[in-house]
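In: Sequence first, then the predicted structure:
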Amino acid sequence: MSTVVEQIYTVLLEHFGPQNWWPAESPFEVMVGAVLTQNTNWANVSRAIANLREENLLSFQSLDCLPEQLLAEKIRPSGYYNLKAKRLKNLLSLIRNEAPDGDLDLFFSADTEVLREKLLSVKGIGPETADSILLYAAHKPVFVVDAYTYRVLMRHGLIGEETDYQEMQSLFMDSLDNDVQLFNEYHALIVRVGKEFCKKTKPKCEQCPLREITN
DNA sequence: TGCCAGGCCGGGT
DNA sequence: ACCCGGCATGGC
């Protein structure tokens, strides 16, 4: 006897296989990507990150030294580039305050709840960005909820329209073990099934691997 | 060719 | 406490 939440995971993993998230070469790069991908297609984020990588700017020290205007120019393909340059600078300030040399191991060594509050205190970092950083950069057992999570759960009648971030997060965390690898894979699989079968327009529910689970 | 993508903030009711 | 406009590029 397994819960719907467990069944969904089993079906998605069987159908798609491991997703190997987060697509990044370092925890710092995960943090940058988490901000850049806000309401933005990953293909565009990928270009922005490539720009930074080409100029060896994917480290705390280099980005911290880079003027905001120049940073904005580099990340232009990711959209909202002025806003995101500012948000990245805000995040870098937090890191500098918590760990002067940008030592992420030190920064991440705080208690998960404390760290989450610190991330949320940064202007431009909300629940999804904070949790993405906690899970995919800091490897803390936190479930990441996003627009796809809402859409997939809604489509299968598992939540109501008013369901908020916290409620969706609890839906998963209350019925799963606190397992970093499990949370990692599960969120990635939801994004995958969302992209392929549960887009806002032209959803393809007929071929969705989850169609059998609910009615 | 308008709509959408792995959000979040701030100002107005 | 909601509700909504702003932020912006590239793909389809």
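Out: That came through fine.

In: How about whichever residue of chain A sits closest to DNA strand C, nearest residue that isn't a chain neighbour?
Out: Here chain A gets closest to DNA strand C at one residue, A:Gly79, 2.6 Å apart by CB to the nearest atom of the strand. In this view, the C-beta of every residue, glycine as well, is placed from N, C-alpha and C. In space, and not counting its chain neighbours, A:Gly79 is closest to A:Thr40: 5.2 Å by CB to CB, 6 or more residues apart in numbering.

In: Likewise for A:Phe107?
Out: Nearest to A:Phe107 is A:Ala99, by CB to CB, 6+ apart, at 4.3 Å.

In: A:Lys118 now?
Out: In this structure, A:Lys118 finds its nearest non-sequential neighbour in A:Leu94, 6.3 Å apart by CB to CB, 6+ apart.

In: okay, now the residue of chain A closest to DNA strand C: neighbour count?
Out: Using other CB atoms under 10 Å, A:Gly79 is surrounded by 16 other residues.

In: Could you check how far the residue nearest to the spatial centre of chain A is from DNA strand B?
Out: Note on chain A: the residue nearest the mean C-alpha position is A:Ser132, at 3.5 Å, using CA atoms, centre = their mean. Distance of A:Ser132 to DNA strand B, given as CB to the nearest atom of the strand, to the nearest Å: 5 Å.

In: Thought A:Leu36 was touching that residue, still the case?
Out: No. The pair A:Ser132 / A:Leu36 is not scored as a contact, 11.2 Å apart, by CB atoms under 8 Å.

In: Tell me the residues of chain A that contact DNA strand B?
Out: Taking CB under 7 Å from any atom of the strand as the measure of proximity, chain A contacts DNA strand B at A:21-23, A:33-34, A:37-42, A:44, A:79-80, A:83, A:122-130, A:132, A:136, A:146-148, A:191, A:194-195, A:199-201.

In: same thing but at 6 Å, please
Out: Residues of chain A lying close to DNA strand B (CB under 6 Å from any atom of the strand) are A:22-23, A:37-42, A:79-80, A:123-129, A:132, A:146-148, A:191, A:195, A:199-201.

In: Which parts of chain A are helices?
Out: A:4-16, A:27-36, A:42-54, A:60-65, A:68-74, A:81-98, A:104-108, A:112-120, A:127-132, A:147-155, A:165-173, A:180-197 (DSSP state H).

In: Establish whether the second one and DNA strand C are in contact.
Out: No. When contact is scored as CB under 6 Å from any atom of the strand, no part of helix A:27-36 falls within range of DNA strand C; the minimum is 10.6 Å.

In: Contacts for that helix next, please.
Out: Helix A:27-36 is contacted by residues A:22-24, A:45, A:48-49, A:52, A:58-60, A:63, A:75, A:78, A:84, A:87-88, A:91, A:102, A:104, A:108, A:124-125, A:129, A:132-133, A:136-138 when judged by CB atoms under 8 Å, 6 or more residues apart in numbering.

In: Ok, the shortest one next?
Out: Residues outside helix A:104-108 that contact it (CB under 8 Å, 6+ apart): A:27-28, A:60, A:95, A:98-99, A:115, A:137-140.

In: tell me which parts of chain A are close to DNA strand C?
Out: So chain A meets DNA strand C at A:39-41, A:43-44, A:76-77, A:79-83 (CB under 6 Å from any atom of the strand).
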